[in-house]
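K.L.:
Below are the sequence and a predicted model; questions follow.
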Amino acid sequence: MGQGTMKSGYLYVLVHPSDPDLYKIGITTRKPEVRLAQHNSNYEEYTGQIVKETGQKWQLKEYISVPDPAHAEAAFWGATGLADIPFRQGIEVEKMEWKWVQAGLDAAKKAGVRPLPKPLSDWVYAYTAWMNKRLEGRDITLVGYVRSMVSGKATFRCSNGHVWRTRCTYVAEGGGCPQCGIGDRKPEEIWQAAKLGYLCLLIHPEKSGFIKIGLTYNKQCYERNVWEGWEVHRYRFVEDPVLAERLIWELLASLCPMIANQLK
């Protein structure tokens with residue numbers, strides 16, 4: 001959600017009568033009193049289970065208005081030294097001294113709105129497209145972006161819900177989910193499915209002055225018998241061979257209109 005559409009809200013602190021040091025920290029875009037009623041009546045939530053077990057309801061200790069609730073909540077936990085708590089199965093109930101709570105509230109008040117993320121470089125989008133092309137049909141999803149194609153790591157999720165982080169090249173070359181094996185492929189299968197190939201500039205020993213553009217999905221593109229007498233003068237690996245060939249022909253035609261006819 002962008003800053004222009006971000007909803008302001010509240011960060012609230014609940015305390016439980018069974019223990020004066022037991023607090024529930026939460027955020028909401030509605031009135032804190034509404035969330036208080038929900039915590040005291042929904043017995044499927046952890047806070048409701050405490051109400052059911054003790055017979056005592058949570059009380060609203062304090063709340064503050066914040067322009068960016070999620071950012072304020074992160075600032076709160078960061079100031080308490082218990083930043084891992086919000087990620088402990090989503091349970092934000094903790095025993096702590098009031099001075100910690102106060103430190104969190106002070107930090108939340110000063111948090112303001114989270115800064116806009118820096119724009120990604122073009123090469124990040126290119127590397128991400130490179131990875132996604134190699135994941136097609138493998139029931140593996142890239143989580144986030146690829147920032148380094150050679151040595152960098154990225155996070156992946158398989159269709160069975162397993163999440164792991166590893167080198168991009170490992171998955172790009174056929175490595176599947178380390179838990180269930182889904183998406184595991186041979187390098188040749190990845191190559192064929194992604195339609196990767198080579199664009200070759202060919203010359204012929206008996207046709208001096210002529211060149212030919214060759215397109216192949218065979219890694220042994222430089223072998224002479226592949227081209228029926230033509231020899232590979234230069235070749236380049238390309239992600240999209242068909243597009244690359246079209247661009248080469250367009251470039252050659254723009255340089256010399258007669259070249260296209262000569263190469264037929």
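P.N.:
Now that the structure is in, tell me what you want to look at. Numbers count the residues shown, from 1 in each chain.

K.L.:
bridging residues for Tyr10?
P.N.:
Beta-bridge partners of Tyr10, counted by DSSP bridges, are Thr28, Ser65.

K.L.:
ok, now which ones touch it?
P.N.:
Shown in contact with Tyr10 (C-beta atoms under 8 Å, 6 or more residues apart in numbering): 27-29, 31-32, 63-66, 69. C-beta here means a position set from N, CA and C on the backbone, and glycine is covered the same way.

K.L.:
Quick check: buried residues in stretch 203-218?
P.N.:
By 16 or more other C-beta atoms under 10 Å, the buried positions in stretch 203-218 come out as 203-204, 211-212, 214-216.

K.L.:
Take those residues and lay them out in CSV including distance to His39 and secondary structure.
P.N.:
Below are those laid out as CSV (distance: C-beta to C-beta, whole Å; DSSP: H, G, I helix; E, B strand; the rest coil):
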residue, distance to His39, secondary structure
Ile203, 77, strand
His204, 80, coil
Ile211, 75, strand
Lys212, 74, strand
Gly214, 69, strand
Leu215, 64, strand
Thr216, 65, strand
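
K.L.:
and which of those residues is nearest Gln38?
P.N.:
Taking C-beta to C-beta as the measure, Gln38 sits nearest to Leu215 out of the buried residues of stretch 203-218, at 62.4 Å.

K.L.:
The closest one reaches Leu243, doesn't it?
P.N.:
No - between Leu215 and Leu243 there is no contact, the gap being 10.5 Å when judged by C-beta atoms under 8 Å.

K.L.:
what separates Pro69 from Thr28, distance-wise?
P.N.:
From Pro69 over to Thr28 the distance is 7 Å, taken as C-beta to C-beta, to the nearest Å.

K.L.:
so what sits against both of the two?
P.N.:
Residues within reach of Pro69 and of Thr28 at once, by C-beta under 8 Å, 6+ apart, are 9-10.

K.L.:
can you give me the strands in this protein?
P.N.:
Assignment of strands within the chain using DSSP state E yields the ranges 9-16, 19-28, 59-66, 93-95, 140-143, 153-158, 163-167, 197-203, 211-216, 231-238.

K.L.:
Off-centre distance for the fourth one?
P.N.:
From the chain centre to the centre of strand 93-95 is a distance of 31 Å (C-alpha atoms, centre = their mean, to the nearest Å).
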